[in-house]
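>>> got a sequence here, can you model it:
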Amino acid sequence: MRHLHYARRGAAGTGRGDDSPRTLTHVTGRRPRLVSAAAGDALAAALSALRQELDLPDGFDPAVMAEAEAAGRDVSITPAEDLADLRDIEFLTIDPDGSRDLDQALHLQRTPTGGILHYAIADVPAFVAPEGQVDAAARARGETLYAVDGTIPLHPRVLSEGAASLFPGQDRRAFVWRFELDERAEPVRVTLTRALMRSRRQWTYAEAQKAVDEKSGPESLTALPWFGAERAKREQERGGASLNSPEIEVEVTGGRYELTRRATLPIEDWNAQVSLLTGMAAAKIMLDAGVGILRTMPAADADDIATFRAQTMALGDPWPEGVGYGEYLRGLRGDDPKTLAIRAAATRLFRGAGYTAFDGAPPADTLQSAIAAPYAHTTAPLRRLVDRWSLVVCEAAANGREVPQWARESLPELPKIMGRSNGLAGRLDSASIDRVEAAVLHGHEGRRFAGVVLGRRNGGMRVQLSGPLVTVVVAGLQAESGSTVELQLQRADIATGEIVVVPAGGQA
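Okay, here's the model as predicted:
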């Protein structure tokens, strides 16, 4: 069984570091709709055609593969003068089940005054020669793309799922962050070292959560609730905001596609806080050094804030004066119609995320407003191009050396590269969801569905159906956000993802 997460954790718009993709939310407790085998065949063809339509890359050129294979074979994995030996630290990884591109490994221990956190990030720069074949291919792609019918990796899998991935029981090169933390989990000293490390075990989220709940895991896991809770408090104090939304997965089993809802686990938020802390530390190092690249997002527009406040009042759950929007959004729980509509309206507050490169004077606006601090992408170099530059810049600056010239000279290119790849990833997400949703509804033309109105979209009203995990835009519908309506399906075109529904019973 293969899963694709559409409501992915880790969004800059949600306080988690990336851009927030379209989110699907299940309203009722009904079983999700399983796509028939025939519709599954049509969906597979539609997804294949989508790859061609978006001109997605298919494999790597032989020269790229040859260089990657040589790097995987020849890059040294032995202690050296510029490579600390940290293999005695008992690192572990926590990832979704089945993950093979393991960017991060952590070790966390409590101390009488707080804690010590080690965070190892895959040393991708060791395997990718600047301006080489692999580098050129990665710059053309920008990031790993996640499609329903398989991933399109940033790097050849011999690296991203092989020699550079932090598999357990194997010596690996990594950039190792070390945070000395006080009792509030605030860093009092930060170092960054290029090193050899060895992960002891690859944990899934479910396994790690169970070990925490049963107090049966290693200290790195049992200390995470303290760390996560304290970092969440610091986020609230900063005025950071998280838009808590459930994850919807596409499960693929024997060519059959199903939309399912997965409850997120506390350990996923705790683990995300490790990456957030690292990204903020990276931003500080680069700003102090006067060179680097930040992930930025402007503060919410005053008109959008006023509109959102009015919408919360209309929906009967007003955003109180004097309460920050981050604090208000953290309190949104459940999947009732009112909460769904408020979440949908809140997405307008999280717009405009981008990358800002600088060399010399810092940029005028350094803030990632959802995090409420300067922030940099630096913890996913196997899957995101910009992180390789962040690591190289930070490691040099943190250790009093000059930033490599290749990295410095190419920094200005990165915002455009990442903007292009982010845009492509967004189009792929949206078009893929359209086609999966059409496949879920195909064959039910004429059927009536109840739904919850989420708000206005493209001249119509966006409605979350209360049966299958599908959202639709209904032209001509006049209804208040949060209200329940009845719709009739007219057409679900799997090839294009077009879904046409109309108000049932004369609603308009």
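>>> what sits against Val452?
With contacts defined as CB atoms under 8 Å, 6 or more residues apart in numbering, Val452 is in contact with Val27, Pro337, Leu340, Ala341, Val463, Gln464, Ser466, Gly482, Ser483, Thr484, Val485. All C-beta spots, glycine's among them, are computed from the backbone N, C-alpha and C.
>>> least confident pick among those?
Within the set of these, pLDDT is lowest for Val27 (27).
>>> helices of this structure, start to end?
Ranges of helices within the chain are 37-53, 62-74, 133-141, 157-158, 205-214, 219-222, 224-238, 266-289, 302-314, 325-330, 337-346, 386-398, 405-410, 414-441, based on DSSP state H.
>>> pick the most buried one from those helices.
helix 386-398 (a mean of 24; mean count of other CB atoms under 10 Å).
>>> which residues touch that one?
By CB under 8 Å, 6+ apart, helix 386-398 touches 121, 123-125, 128, 138, 175, 190-194, 282, 285-286, 288-289, 291-293, 355, 376-381, 402-404, 407-408, 410-411, 414, 417-418.
>>> quick revisit: now the helices of the chain as a markdown table including distance to Asp149?
Below are the helices of the chain laid out as a markdown table (distance: least, CB to CB, whole Å):
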| stretch | distance to Asp149 |
| --- | --- |
| helix 37-53 | 5 |
| helix 62-74 | 22 |
| helix 133-141 | 17 |
| helix 157-158 | 16 |
| helix 205-214 | 24 |
| helix 219-222 | 34 |
| helix 224-238 | 34 |
| helix 266-289 | 25 |
| helix 302-314 | 36 |
| helix 325-330 | 34 |
| helix 337-346 | 28 |
| helix 386-398 | 26 |
| helix 405-410 | 33 |
| helix 414-441 | 9 |
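>>> Glu90: which of those helices is closest?
Nearest of those to Glu90, taken as CB to CB: helix 219-222 at 7.1 Å.
>>> pLDDT of the closest one, averaged?
The pLDDT scores in helix 219-222 average 97.
>>> how about low-confidence regions in the stretch 151-300 of the chain?
For the stretch 151-300 of the chain, residues meeting the criterion pLDDT under 70 lie at 244-247, 252-258, 261.
>>> about what we covered before: now flag whichever of the contacts of Val452 is closest to Thr151.
Comparing these against Thr151 with CB to CB picks out Gln464 as the nearest, at 27.6 Å.
>>> the closest one and Phe449 touch, don't they?
No - the criterion here is CB atoms under 8 Å, and Gln464 misses it with Phe449 at 10.2 Å.
>>> neighbour-wise, which of these two wins?
Between Gln464 and Phe449, counted using other CB atoms under 10 Å, the more crowded position is Gln464 (23 against 20).
>>> give me the beta-bridge partners of that one?
Val452, Thr471 (DSSP bridges).
>>> what does Gln104 give?
Applying DSSP bridges, one finds that Gln104 bridges with Ile121.
>>> which residues touch it?
With contact set as CB under 8 Å, 6+ apart, Gln104 has these partners: Thr93, Tyr119, Ala120, Ile121, Ala122, Leu166, Val274, Ser275, Thr379, Ala380.
>>> any idea how far it lies from Pro153?
Distance of Gln104 to Pro153, given as CB to CB, to the nearest Å: 17 Å.
>>> how many residues are close by the closest residue in space to Ala174 that isn't next to it in sequence?
Closest residue to Ala174 apart from its sequence neighbours, by CB to CB, 6 or more residues apart in numbering: Ala120 at 3.9 Å. Residues lying near Ala120 (other CB under 10 Å) number 29.
>>> before we move on, what about Gly169?
9.
>>> give the residue spans of the stretch 401-508 of the chain that score low on pLDDT.
In the stretch 401-508 of the chain, residues with pLDDT under 70: 506-508.
>>> hmm, the residue nearest to Ala174 is touching Asp171, no?
No - contact criterion CB under 8 Å: Ala120 and Asp171 do not qualify, at 11.9 Å.
>>> for Asp182, find the nearest of the helices of the chain.
Judging the helices of the chain by CB to CB, what sits closest to Asp182 is helix 224-238, at 9.3 Å.
>>> contacts for that closest one, please.
15, 108, 110, 115, 117, 181, 183-186, 212, 242, 266-267, 269-271, 273-274, 276-277, 324, 326-327, 330, 371-373.
>>> could you give the separation of stretch 74-88 from the chain centroid?
On the basis of CA atoms, centre = their mean, to the nearest Å, stretch 74-88 sits 30 Å off its chain's mean C-alpha point.
>>> same check, this time on stretch 263-282
Computed by CA atoms, centre = their mean, the chain-centroid distance of stretch 263-282 equals 11 Å.
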